[in-house]
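*Asks:* need a 3D model of the sequence below.
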Amino acid sequence: MNHLQKYINQVRSHLLIILVANNAFLIGGWWYAHHIQHLSDINTLILLGSCALVLTVGFAFLSTSYLVSPLAAVWRAVLHIAPDTADTQAPNLQKIPLGRELIVSLVTHIYQIASITNTIEKIADKEQTNLDHDFIATSLPLPLVVLNKEDTIIFANQALAQYIGQNKTDMEGKNVYSVLDMAFTNEQTFDAWHRNARTNKAVAAQMWERVRLNLPDREQTNQPQFDLAAYYNQDNPQGFETMLVLFDHTNQYAQDDQAMSFVALAVHELRTPLTLLRGYIEAFQEELAGKVDPELEDFMKKMAVAAGQLSTFVNTILNVSRIENNQFTLQLHKESWKDVLENAVSAMHARAEVRGIDLQVSVDDNLPEVGVDRVSISEVINNLIDNAIKYSGTSDRIMIRAYQTKDGVVETTVQDLGVGIPENAVPHIFEKFYRNHRNRAQVGGTGLGLYLAKVIIGAHGGHIWVRSHEGEGSTFGFTVQPYNQVAGRAESSNNKSEIVRNAHGWIKNHSMYRR
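*Replies:* Below is the predicted model:
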């Protein structure tokens, strides 16, 4: 007889005994009430009904634990081997009063299956997590690195080892930021994306162009440059949370840098003749003021404006070149923001007047003195006003306002009522060489002015932003810090009234400073 049939017979016998006992009690109660106590039929019926209820409830409670004990033993066995309830005590199979042989057999099979499953999982996990035996990972000709949840490198292929000049085994087990010191062209770094993906995404992918890898044993001009692709999977069962692939473009980007250096060199040669030209124009304007007809005076004014625009172009190219070579230095002094702003705006009045545009300036009273590099910050102001002039369309006014925010910083806005910026172009407006394709043919420019403004404001410890709607104009704004805040965080200074800062266009991963 098998164990299941034996268990069924035991349950049947148990239930039979209960029913027989219950009926015997009822018959005995009837005999006692009718023949001994001589109760009436109604009283006898009431007594028998009460006895039947009490006996039924009593037998039900007594039988429940007895009949359910085999199932409870199986349940405790399952909880005992489950990962999240492994602290549950294993059942005592010798104390099972009913169906012991069946339950012992079932629990034994459960333990065997769990043991086999655990062994298979360990073997599979060992095989799957060891990427050194994966043909695709090891044979991929592109540098590849795989990270776990702690940003630790759990696999790096030979292509990456050769690319950065390190031993493959030396990289594995280290934090990725200690191995790959990457710098990006804007704040959208790998670290910023990675933190956001971990917070808001289950799966994510991202691509970066023109990433620079800083290797301590190479010169600045010979650092690898590449495009970076990243894939993030929060719940990867093998622990491969993040994968990075590097696409080398060092030669291509180096040629671009050399081209930029050549342009900067060529532009630099324009500075001397341009300075002479502007000097002669200013001298002619002073000497000939009121002595020539208005048409010639208008010609002289337009020549001065054109020379000023050319000078701005030259300065922009040279400053971007200095930034790329980490040679752009700012000297922050204590300045009156009202004076700095009004002087910068006055230099743009002639350019605005030629276009028939009125520059309206509003500066709040009692602004704190700020810590700025007067020359560089004036370039930012001039650039924003120049852009507002270019894109004003048929509008005849530009509003410039300066005020102190709730955070205590000084904010300045330049607002035009012109053509505005398409929504899809706004996120890229401060990128180097970026120009909106819709108006690049109508409006001249290099795509470097706003990039330079962002770098300069960042070096000042401020923030630059834009709000725009196509056809409704644009508002550019930036902040500078009061001098007492700047001085409190001075990086280096040889004079209490001067703070020196460097600006560069490459943004490092912030995690570099947390490890």
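*Asks:* show me what stretch 8-23 is in contact with.
*Replies:* Here stretch 8-23 makes contact (C-beta atoms under 8 Å, 6 or more residues apart in numbering) with 1, 52, 55-56, 59, 63, 66-67, 98-99. For every residue, glycine as well, the C-beta is placed using N, CA and C.
*Asks:* ranking those residues by neighbours, who comes first?
*Replies:* Gly99 (23 neighbours; other C-beta atoms under 10 Å).
*Asks:* what stretches of this structure score poorly on pLDDT?
*Replies:* Judged against pLDDT under 70, the low-scoring parts of the chain cover residues 1, 86, 117-136, 220-221, 255-269, 325-327, 435-446, 488-515.
*Asks:* show me the domain layout of it.
*Replies:* Domain segmentation of the chain under automatic domain parsing yields 3-126, 131-248, 326-513.
*Asks:* out of these, which comes closest to Arg271?
*Replies:* Closest approach to Arg271 among the domains of the chain (C-beta to C-beta): domain 326-513, 14.6 Å.
*Asks:* burial of Leu39, as a residue count?
*Replies:* 16.
*Asks:* how about it, nearest residue that isn't a chain neighbour?
*Replies:* Spatial nearest neighbour of Leu39, chain neighbours left out: Ala33 (4.7 Å); criterion: C-beta to C-beta, 6 or more residues apart in numbering.
*Asks:* measure that neighbour to Ala72 for me?
*Replies:* Ala33 is 40 Å from Ala72, where distance means C-beta to C-beta, to the nearest Å.
*Asks:* please say which of these two ends up with more neighbours.
*Replies:* Neighbours per residue, other C-beta under 10 Å: of Ala33 and Ala72, the larger number sits with Ala33, 20 against 13.
*Asks:* isn't that one right next to Leu47, touching?
*Replies:* Yes - using C-beta atoms under 8 Å, Ala33 is in contact with Leu47, at 5.3 Å.
*Asks:* which residues are common contacts for the two?
*Replies:* Shared contacts of Ala33 and Leu47 (C-beta under 8 Å, 6+ apart): Leu39.
*Asks:* what are the ranges of the strands in the stretch 201-350 of the chain?
*Replies:* Here the stretch 201-350 of the chain has its strands, by DSSP state E, counting those that start in this stretch, at 203-213, 225-233, 242-248, 328-335.
*Asks:* let me have those in JSON lines, adding distance to Pro273 and mean neighbour count as columns.
*Replies:* Below are the strands of the stretch 201-350 of the chain laid out as JSON lines (distance: least, C-beta to C-beta, whole Å; neighbours: other C-beta atoms under 10 Å):
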{"stretch": "strand 203-213", "distance to Pro273": "34", "mean neighbour count": "16"}
{"stretch": "strand 225-233", "distance to Pro273": "35", "mean neighbour count": "18"}
{"stretch": "strand 242-248", "distance to Pro273": "41", "mean neighbour count": "19"}
{"stretch": "strand 328-335", "distance to Pro273": "24", "mean neighbour count": "19"}
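*Asks:* same list, those, but as TSV with distance to Phe430 please.
*Replies:* Below are these laid out as TSV (distance: least, C-beta to C-beta, whole Å):
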stretch	distance to Phe430
strand 203-213	15
strand 225-233	20
strand 242-248	25
strand 328-335	16
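*Asks:* so which of those strands gets nearest His463?
*Replies:* Nearest of the strands of the stretch 201-350 of the chain (C-beta to C-beta): strand 328-335, 16.1 Å.
*Asks:* what's the single longest helix in this protein?
*Replies:* Ranked by residue count and defined by DSSP state H, the top helix of the chain is helix 41-81.
*Asks:* neighbours of the closest residue to Glu472 other than its chain neighbours, how many?
*Replies:* Distances taken as C-beta to C-beta, 6+ apart put Gly420 closest to Glu472, at 5.2 Å, once the chain neighbours are dropped. Neighbour count for Gly420, taken as other C-beta under 10 Å: 19.
*Asks:* next, Gly420: secondary structure please.
*Replies:* Under DSSP: H, G, I helix; E, B strand; the rest coil, the three-state class of Gly420 is coil.
*Asks:* so it touches Phe476, yeah?
*Replies:* No - contact criterion C-beta under 8 Å: Gly420 and Phe476 do not qualify, at 12.0 Å.
*Asks:* now do the helices in the stretch 101-250 of the chain.
*Replies:* 135-139, 158-164, 168-171, 176-179, 190-200, 250-268 (DSSP state H, counting those that start in this stretch).
*Asks:* which ones are touching the nearest residue to Ala289 once chain neighbours are set aside?
*Replies:* Distance criterion C-beta to C-beta, 6+ apart; nearest residue to Ala289, sequence neighbours excluded, is Glu297 at 7.4 Å. Contacts for Glu297 (C-beta under 8 Å, 6+ apart) come out as 285, 288-289.
*Asks:* please repeat the previous calculation with a cut-off of 10 Å.
*Replies:* Counting by C-beta atoms under 10 Å, 6 or more residues apart in numbering, Glu297 touches 285, 288-291.
*Asks:* gap between it and Asn157?
*Replies:* Glu297 sits 71 Å away from Asn157, taking C-beta to C-beta as the criterion.
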